[in-house]
Every structure is written in structure tokens, then in C-alpha cells.
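>>> After the sequence you'll find the predicted model.
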Protein chains: 2
Amino acid sequence: MRQAGRYLPQYRAVRQKVDFLTLCKTPELAAQVTLQPVDVLGVDAAIIFSDILLLPEAFGMALQVDESKGGPRFTIPIRTESDIDSLTVPDPSAKLKFLMEAIELTKRELRGRVPLIGFCGSPWTLAAYMVEGKGTKDFRHVKRLIYDQSAVAHKLLAKLADALVFFLEAQLAAGADAIQIFDTWGGILSPDNYREFSLDYLWKVVSNIRRNGAPIIVFSKGSNECLEEISKIGADVVSLDWTVDIGEARRSIGERVALQGNLDPSALYASPDKIRHEVKLILRKYGKGSGHIFNLGHGILPDTPVDHARTLVDAVKEESVAFHE
Amino acid sequence: MRQAGRYLPQYRAVRQKVDFLTLCKTPELAAQVTLQPVDVLGVDAAIIFSDILLLPEAFGMALQVDESKGGPRFTIPIRTESDIDSLTVPDPSAKLKFLMEAIELTKRELRGRVPLIGFCGSPWTLAAYMVEGKGTKDFRHVKRLIYDQSAVAHKLLAKLADALVFFLEAQLAAGADAIQIFDTWGGILSPDNYREFSLDYLWKVVSNIRRNGAPIIVFSKGSNECLEEISKIGADVVSLDWTVDIGEARRSIGERVALQGNLDPSALYASPDKIRHEVKLILRKYGKGSGHIFNLGHGILPDTPVDHARTLVDAVKEESVAFHE
């Protein structure tokens, strides 16, 4: 669900030397930390080390990372129609070349061991960050935009959907085997607003990418009311957070898409025995069949013990055998 | 959904003179700001001005409010079994006398104009605040507790449920006409954990209160997966946030309970015409009948224009007539 990440000592060793954005923009280092969880934990896929806000940065927004203040933020958020008009859809092969090089390098170093996943934020989630400047409690500015100036919001979302098609096609061309789209803030919207301001643009992105069969995973956190509609936009996999029962989700949408998820990341605080127990609960809820990609329901927490992450991977590999068909 | 609140100039005038906790603990002032929205907006009920964290404070925890740091917090969170063992269920008539006096005073000043609602946090939500010390992003400490030391978590929750029964009975005895229980953090739990660590204790509280027919409203924010189960714990009203379709909620649980909600508070940023449009959408979704208490889906936002709040109240009163039976 989240790349290498902050809990691995090997990752922290790299970060002692370079800041977060330098790491993202140095293909050799990004490739190095992308491979860490494959080597250390034995996970079944790698996800390229990057950040969803590098696309808005490529649009020309100044991105700043001060981890004491809680991660990346835009120093000057966009708030007006003229702000939005001044944004130019970036050419990813120029402005995000470092990422494409990181993907190429990672693919070479993986030598086919596991597939490599590229990713992006959804139009709505990127818009929320661009308008707020950062993750906030109430998302007042972007909410004000959709309620009070919906045409302006649509202009921004349409631009982002266009940019994402180019961006994801570039990642696939560089060698990504699959794409995950993170709609981290879909869940702050009412169902009607979700359909209008998030789902419609997810659908635009998914249906416009030329992808030669590469699978697309959509994760719209907290948008459980609309799972059935999410399953119909053309994605191959729908990712679930931990607030939905994966058995029920399978019964409602499991014929149409594969499901990814859905262990609460904080379950990794538990003892190894308890972790294995939680793994079995989820496997049993999904039941027999091949349409389940076991995963956390959101990013791994930074203070997760590495041993517990390894316990999870081992438990999934061992316990899932009984559920293969 | 939330008392008087920060958006009313009349409230801010009072707050210029006293800090938040002094306001809560001075019955005359608490009564004064409780009445403000009734007088200024013409809402159909008053909710006593207080804070859910005053109950943990009565348990002996030091409560601090620094609004620049985002509201109330406990300076020393509880984290261990011995911390929990040292908590004594408070006698509300002694430790929360100021609140009971504020309720008595408000009732006298209301002179029967509208009913007065008392309230509390749910056992789970209070436990989350007590263990974390404040609202956080991931709720790591309380999640660690439920995953790694569930028996200790249950000990705390049982104590809170006992205390809440006394606390709510005292509010009713002081004159509250109804009770709302806020389970603000129910939505951070998986459905299984929600049942075990939140719903079961909500049920205990609701089923143990002697209440002489006073209605109980339960609001478990973001726990939409479990709405049907929530509707079966004996509460009279289930409050909905804005991420659920109230028409669908009525079809699934509307025979059993009345529904409260469910406008996104940020809809009040919109123009008066648009606010009226949003009101009509929700009224139409619920349909005809008397089981709907129109309300926001969470607390009113501090930068809401007062005129827009008044537009909402007027629009609900006017547009709902067509839906009365």
C-alpha cells in the first residue's frame, strides 16, 4: 500500500543522507529504496518510491517538505480561477523525467522478480491538496470551491485528469507493470459530490489511458457508500480500507473486480500470533478464489516493528494457500 | 449538531472575556451561549454548551485548552492498566455540578420555547481521547491498546460506560429533554472492532439509563457500515454524517429509528440559493413522514457566515412543510 517507507532502518539510513524530495528525484536512490521491502520483507510487488504531489509540482506549484510539520505542502495554494487558468498540463517526460528513470532503473534491478507498480493521486485528491496547500481537518477551501464555484472546480479537475492520463502512460512506457490511483480524500465528500467531483474524473482517467492490458488499481479511501459505482469505472482492482467488510464487498462487487486489502495498519502493533489471527479473519471473509490481493487498508505506520511486517507477509503466504482454488 | 459555536459574534463577544473552560464551568455564561442560536437563528432545539472531555476531567485527568494548538487536550494521557485502575468513576452531582446548574438555568430561561439536549462522548470516543491525549491522525496509542492489550481497553471502556450512565441520568434529572451521544471516532475502527469496542458499550449505556421516555440520539461518525446494528441498540434517533445517502438509510433503518442529518457543514459556504437547493435534495431523499430531524452532518464550521446558517434554518422550515404528513 505504501512504498518502502519510514519504518525500515535501511530506508532511514538513506534518508539520513538526503531529504525526501532529493530522494524522490534521484533515480538511483528512489530505485534503491523501492527494492528494500522486496528484499527485507519478501512482498509480492514493488511500488515505485515517489509522492503524489510531484505531479502538481510539475504543474509549477512550489512544493516544500518539512517533516516536523507533517509532510509535503504547497507554499502557495491555488484558490482562484485565474490560478487554475495559469496551470499548464506538464509533459511528464520532461518535468517528471526523474520518476521515469527511477522506474526504468528499478525494473532493471528487479530482473522480473516481482511486478513494479506505478501510482498517482486521483484528480480530486490532487485538487484537494492543491487548493488547501496540505492535508487539513475540514478541507474548507476546496469544499468552498465545490459548493460555491463548482464550474471552477471542474476546470481544475478536468486539467488534472488530462495530466494524469499522460503521466500514467509515461509510467507504463517506462516499465511500470500496473498502476494504482490513490483517491485519499474521496471519503470527505457526500455521495453526490463524490460522484460529481471524484468518481467522474477517475472514470475519465481510467477510460482514457492506453495501457495494453496493464491492470489499474483504484483506492478511494472511505468512499464505501459508492463501492459498487467505483467497481464499474473500468479498473481491474478496487482497494479497500479497513472500515469495510471484505466478505460483503466481495458479494457486492467481487464478480466485477479483484479486491485489495483490507487489514487496519495498526493491527501490526499486535503480537505475531494476533497478526496471524487477523490475517486469517480477512482470508476467511474473502473466501476461496483468486481475486484477492492481501494488503493493508492504508499506508504502513512509521513505528511499525519490522518483524511484525515480516510476520504479516509470512502469515499471508502461509495461510492463503488453503484459499487458493 | 454543535452548540452556539464559534461562528456567532455574540458567542465570540463572551469568549473575549473568558476562556473556553471557564465558559463551560460558569453556569450563567454556559446558559447564555446555549440560548444564542435559539435567539439568533431560530433553531428548534438548544444543546447545552459543554465539552465531552469534561467527563474524563472529572475522572481526575488534567484538561488543557490551547486553541492555537487545536482545542482541548489531556496533558498526561492514560496508557497503562495501572493508569486505568487509578481512575474513579466520578459522581456527576459533585464533580460536574456546574453542568447540571447550567442545564437548570437554561431550562428556566428557555421557558419551554424549545427542548434542551444534553450530551456526552461515547465510551470509545472518550477512551480514544484519554489514551491519545487529543485528536490525532492515526490514533496509534489507542489502536495499539485494542490490538495488543484488548482486556485493558475493555476495562477502560466498561468504566466509561458506567460513568456515562450516571452522567446522563444526572443531565436528565437536571432538566435535559433529550440526550445525544457523540461517537466521533467510531469511524476509525474496522467493523469487527467497532462492534467490540464501540457499539457494545453504546448499547450498555443506552440500555442502562433510566430515562422516563427521554429520547436518545446516537451519532457514530463514519460508522456507516454498521448503521443497521446501530439502529438496534435502543436509541430513538440515529444521526448521520454527510457521507451516507439519507434516502438509503431510511430504507434500511428508517422503520426502527428517526434519522437526524445530513447536510455537509461546508455546504453553508455556498450561496443562499444553493443552500436551499441542497436542503431540498436531502428533504426529497428522506421523503414524506415525520421521522427526520434536519441537521448538519457534523459541527458547524467556525467561518460559516451567520446569514448562511439562518438561510439554512429558514429553508428547512419552509421547504419541509411539503414533506409533512
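Sure thing, it's come through.
>>> Sketch out the low-pLDDT regions of the stretch 101-250 of chain A for me.
For the stretch 101-250 of chain A, no stretch is flagged by pLDDT under 70.
>>> hey, where'd the strands end up in it?
With strands called from DSSP state E, counting those that start in this stretch, the stretch 101-250 of chain A shows them at A:116-121, A:178-183, A:216-220, A:237-239.
>>> and the second one with strand A:116-121, angle?
Right, the one you point to is strand A:178-183. 20 degrees (axes from the mean of the first three to the mean of the last three CA atoms, to 10 degrees).
>>> cool, and the third one?
Angle between the axes of strand A:216-220 and strand A:116-121 is 40 degrees (criterion: the same axes, to 10 degrees).
>>> Show residues contacting strand A:216-220.
Applying CB atoms under 8 Å, 6 or more residues apart in numbering or on different chains, the set of residues contacting strand A:216-220 from outside is A:1, A:117, A:122, A:178-184, A:186-187, A:194, A:198-199, A:202, A:206, A:209, A:226, A:230, A:233-239, A:241, A:260, A:293. From N, CA and C alone the C-beta is placed, and that goes for glycine too.
>>> Extract the CA atoms of that strand and return them as CSV.
Extracted C-alpha coordinates of strand A:216-220, given in CSV (Å, rounded to 0.1, in the frame of the first residue of the first chain):
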residue,chain,number,x,y,z
ILE,A,216,-5.3,-0.5,-12.8
ILE,A,217,-6.0,-0.5,-9.0
VAL,A,218,-8.3,2.2,-7.6
PHE,A,219,-8.2,3.1,-3.9
SER,A,220,-10.8,5.6,-2.8
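>>> burial measure for A:S320, as a count.
16 (other CB atoms under 10 Å in any protein chain shown).
>>> which residues touch the closest residue in space to it that isn't next to it in sequence?
Excluding its sequence neighbours, the residue lying closest to A:S320 (CB to CB, 6 or more residues apart in numbering or on different chains) is A:L283, at 5.8 Å. Applying CB under 8 Å, 6+ apart, we find A:L283 in contact with A:292, A:294, A:316, A:319-320, A:322-323.
>>> For chain A, what lies in contact range of chain B?
A:70, A:138-140, A:143-144, A:147-148, A:187-193, A:222, A:224-225, A:242-245, A:262, A:264-267, A:269-271, A:274, A:281, A:297, A:301, A:303 (CB under 8 Å from any CB of the partner chain).
>>> which among the residues you listed end up buried?
Neighbour counting with 16 or more other CB atoms under 10 Å in any protein chain shown marks A:138-140, A:143-144, A:147, A:187-193, A:222, A:224-225, A:242-245, A:262, A:264-267, A:269-270, A:274, A:281, A:297, A:301 as buried within those.
>>> Point me to the residue of the stretch 1-150 of chain A nearest chain B.
Nearest residue of the stretch 1-150 of chain A to chain B: A:K143, at 3.5 Å (CB to the nearest CB).
>>> Verify the contact between A:S207 and A:I233 for me.
Yes: contact criterion CB atoms under 8 Å: A:S207 and A:I233 qualify, at 7.3 Å.
>>> With neighbour numbers in mind, choose between those two.
Remark: of A:S207 and A:I233, A:I233 carries more neighbours, 21 against 11, as counted by other CB under 10 Å.
>>> so the residue of the stretch 201-325 of chain A found nearest chain B, which of the three states?
Chain B sits closest to A:S266 of the stretch 201-325 of chain A, with a gap of 3.5 Å, by CB to the nearest CB. Using DSSP: H, G, I helix; E, B strand; the rest coil, the structure places A:S266 in helix.
>>> Look up the closest residue to it, ignoring the ones flanking it.
B:K143 is the one closest to A:S266 (CB to CB, 6+ apart), at 3.5 Å.
>>> A:F167 too?
Leaving out its chain neighbours, the residue that sits closest to A:F167 by CB to CB, 6+ apart is A:P92, at 4.8 Å.
>>> For A:P305, give its distance to A:I275.
In this view, A:P305 and A:I275 are 10 Å apart by CB to CB, to the nearest Å.
>>> Pull up the overlap in contacts between the two.
Overlap of the contact sets of A:P305 and A:I275 (by CB under 8 Å, 6+ apart) consists of A:L268.
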